[in-house]
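*Asks:* Sequence first, predicted coordinates after that:
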Amino acid sequence: MKKAEVKIGGKYYANVTGKKVEIQIDSEKPSGGWFATNLATGKKIVIQTAQRLQGEVGKSKSTAKPQSESPVEQPNDANPDVVPIKPKRVAKKAEGQEPKRLSALAAAHKVLCEATEPLNVQQMIEAMTAKGYWTSPGGKTPHATLYSAILRELAKGETSRFVKTDRGRFVAANANAEVAQ
């Protein structure tokens, strides 16, 4: 809407906290904008700009734009009360896409299944990197992160993929019978 189209005492649809509500303009603000009343709640609100108004109540739908058709507004000096809406991210799936990378836990389990003896987490990190299963995304202490994740997995009990054999040393749960002896 345009500022010249707004009338004191008029009833309009407005965007208030992200919802389309009916309001009545009470008076004009000295610094610009209007004082209004939310007709649904009876609360007093401030309309900063005419852009928040979506049309008069009772007029045909051609003059009142539905909220879904209105473009996403960006906050600026003239319209500071608009909160930008971020579009939802959609994952792109292409044909022939590479398989998903292994997580650190999955790669550690794979390394332990291939190992002949229990390993500590630093040895696991080295083996995972050497075999190309997993590389640290730049963390300073990937061994500490992996150790913590393995301990959380051990708390699952019977369903855990890991077994602790000695202080700081682990084997894969399915390979436990051969290595523990």
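*Replies:* Perfect, thanks for sending it.
*Asks:* Mind listing residues that contact stretch 136-146?
*Replies:* With contact meaning CB atoms under 8 Å, 6 or more residues apart in numbering, stretch 136-146 is reached by 104, 105, 108, 121, 122, 124, 125, 129. (Each C-beta comes from the backbone N, C-alpha and C, glycine too.)
*Asks:* go on, stretch 112-130?
*Replies:* With CB under 8 Å, 6+ apart, stretch 112-130 has contacts from 104, 107-108, 110-111, 134-136, 142-144, 146-147, 150, 162, 165-166, 168-172, 174-175, 179.
*Asks:* First residue to last residue on that stretch, what's the distance there?
*Replies:* One end of stretch 112-130 sits 14 Å from the other (CA to CA, to the nearest Å).
*Asks:* What are the buried residues along it?
*Replies:* Applying a neighbour-count criterion of 16 or more other CB atoms under 10 Å, one finds 112, 115, 118, 119, 121, 123, 124, 125, 127, 128 buried in stretch 112-130.
*Asks:* State which strand of this structure is the longest.
*Replies:* strand 19-28 (DSSP state E).
*Asks:* Determine how far the next helix or strand after that strand lies from the middle of the whole chain.
*Replies:* Per DSSP states H and E, the first helix or strand lying C-terminal to strand 19-28 is strand 34-38. With CA atoms, centre = their mean, to the nearest Å as the basis, strand 34-38 stands 34 Å off its chain's centre.
*Asks:* Pop the domain breakdown of the chain in here.
*Replies:* When the chain is parsed with automatic domain parsing, its domains come out as 3-69, 104-180.
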